[in-house]
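[1] Everything below, folded, please.
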Amino acid sequence: MSDVKRPSKRAQKAQETRRRILAAALELFVQDGYGATNLQDVADRAGVAVQTIYFVFGNKRALLKELVDVTIAGDDKPVATMDRPWYISALAAGTAQDMLHAYVTGTTSVLERVAPIGKMLEAAAASDPEVAALWPHDVNPRYVVQQRAATALVGKPGARADMSVEEAADLLYGLLSPEIYLVLVHERGWPRERWERWAFQTLHAQLCSD
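    Okay, here's the model as predicted:
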C-alpha cells in the first residue's frame, strides 16, 4: 500500500484554477502588454471571478512574478533552475563536450518558454518601479546559473586549458541569451534543431579543445 497521499479534489481544482489564470495572464501580457492588461481581462480569459485572482495571487505584480518564475521553470514546483534534474544531469557529464551538449539542449527548452516574455517584462519594469524591484539588479540570476555551469565545464576533460571560469560564463551567458534566440528562431525562423546545433558548435569551438 502506497504511503504517497494523492491531492484532494479541492486541491486539484485549486491548482487547475491557478494554472488557467497563469495561462491567461501569459497570453494577455504578451499580446497586449502588462500595463494595458487589467486583472478583469485576465479573469475573463481564465473564466474565473476577478476576486479569485486577488485571493490566489494578491495583486497584479505578484501574478507577474509567479508567471515569470513558472515560465522559467516549466512548471509550478518551487524548484530553482540549478536544482532541476536537467541541470544537475548536464553538469554531472563526464566530459566538457558531453556536458555542453546536454546543457545546450536543456537551456534551449528554457529559452523556448522565456524568450517570448522578455520584451513584455522589460517594458513592465521600465514603466513600473515596483515591478523592477521584483528582480534586484545587484544579482543577475541568469548569470549565476551560467557561472556555475562554467565552473563545472572548465574542470572537465576536453575543456580548453586556457579557459577561465569568467570567460566561459560570459560566453554561455551571451550566446545562450534570449536576445540571440529571438533573433535566430523567432525573426529568422530557425527550427529548434538548427538553433541547438549552431549554439553547440559555436560554444564548442570556444570552450572545448580539439
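[2] Share the number of residues neighbouring residue 129, please.
    Neighbour count of residue 129, defined by other CB atoms under 10 Å: 8. The C-beta positions use only the backbone N, C-alpha and C, and glycine is treated the same way.
[3] Can you spell out which helices and strands pack onto the helix ranked longest in the chain?
    With residue count as the measure and DSSP state H as the assignment, the chain has helix 9-32 as its longest helix. Secondary-structure packing of helix 9-32 (3 or more CB pairs under 8 Å, 6 or more residues apart in numbering; DSSP states H and E): helix 39-46, helix 50-57, helix 60-73, helix 118-127.
[4] gap between the nearest residue to residue 179 once chain neighbours are set aside and residue 71?
    Spatial nearest neighbour of residue 179, excluding adjacent residues (CB to CB, 6 or more residues apart in numbering): residue 118 at 7.4 Å. When distance is defined by CB to CB, to the nearest Å, residue 118 is 10 Å away from residue 71.
[5] again with residue 191
    With CB to CB as the criterion, residue 191 and residue 71 are 21 Å apart.
[6] try residue 200
    For residue 200, the distance to residue 71 - CB to CB - is 24 Å.
[7] Tell me how far the most centrally placed residue in the chain lies from residue 208.
    Nearest to the geometric centre of the chain sits residue 72, at 2.4 Å (CA atoms, centre = their mean). Separation of residue 72 from residue 208 (CB to CB): 27 Å.
[8] Over to residue 92?
    Residue 92 is 17 Å from residue 208, by CB to CB.
[9] Looking at the two now, which is surrounded by more residues?
    Each of residue 92 and residue 208 has its neighbours counted (other CB under 10 Å); residue 208 has more, 19 against 11.
[10] For the more buried one, which residues count as its bridge partners?
    Taking DSSP bridges as the rule, residue 208 bridges to residue 159.
[11] returning to that earlier point: generate TSV for the helices and strands packed on helix 9-32, with distance to residue 148 and mean pLDDT as supplementary columns.
    Shown next, in TSV, are the helices and strands packed on helix 9-32 (distance: least, CB to CB, whole Å; pLDDT from 0 to 100):
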stretch	distance to residue 148	mean pLDDT
helix 39-46	35	95
helix 50-57	30	94
helix 60-73	16	88
helix 118-127	22	85
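[12] Residue 22 is nearest to which of the ones you listed?
    Judged by CB to CB, the one of these that comes nearest to residue 22 is helix 60-73, at 5.5 Å.
[13] between the closest one and helix 39-46, how big is the angle?
    Relative orientation of helix 60-73 versus helix 39-46 (axes from the mean of the first three to the mean of the last three CA atoms, to 10 degrees): 50 degrees.
[14] Check which residues of helix 60-73 are buried.
    Residues 60, 61, 63, 64, 65, 66, 67, 68, 70, 71, 72, 73 are the ones in helix 60-73 that count as buried (16 or more other CB atoms under 10 Å).
[15] Please identify which pair of those lies farthest apart.
    Pairwise over the buried residues of helix 60-73, using CB to CB, the maximum falls at 60 and 73, 20.6 Å.
[16] mind saving the C-alpha coords of the strand or helix carrying residue 86 as PDB?
    Element membership of residue 86 [criterion: DSSP states H and E] is helix 85-91. Coordinates of the C-alpha atoms in helix 85-91 are reproduced here as PDB (Å, rounded to 0.1, in the frame of the first residue of the first chain):
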ATOM      1  CA  PRO A  85      17.200  17.400 -12.900                       C
ATOM      2  CA  TRP A  86      18.200  18.500 -16.400                       C
ATOM      3  CA  TYR A  87      20.700  21.000 -14.900                       C
ATOM      4  CA  ILE A  88      22.200  18.600 -12.400                       C
ATOM      5  CA  SER A  89      22.400  15.900 -15.000                       C
ATOM      6  CA  ALA A  90      24.200  18.100 -17.500                       C
ATOM      7  CA  LEU A  91      26.800  19.300 -15.000                       C
END
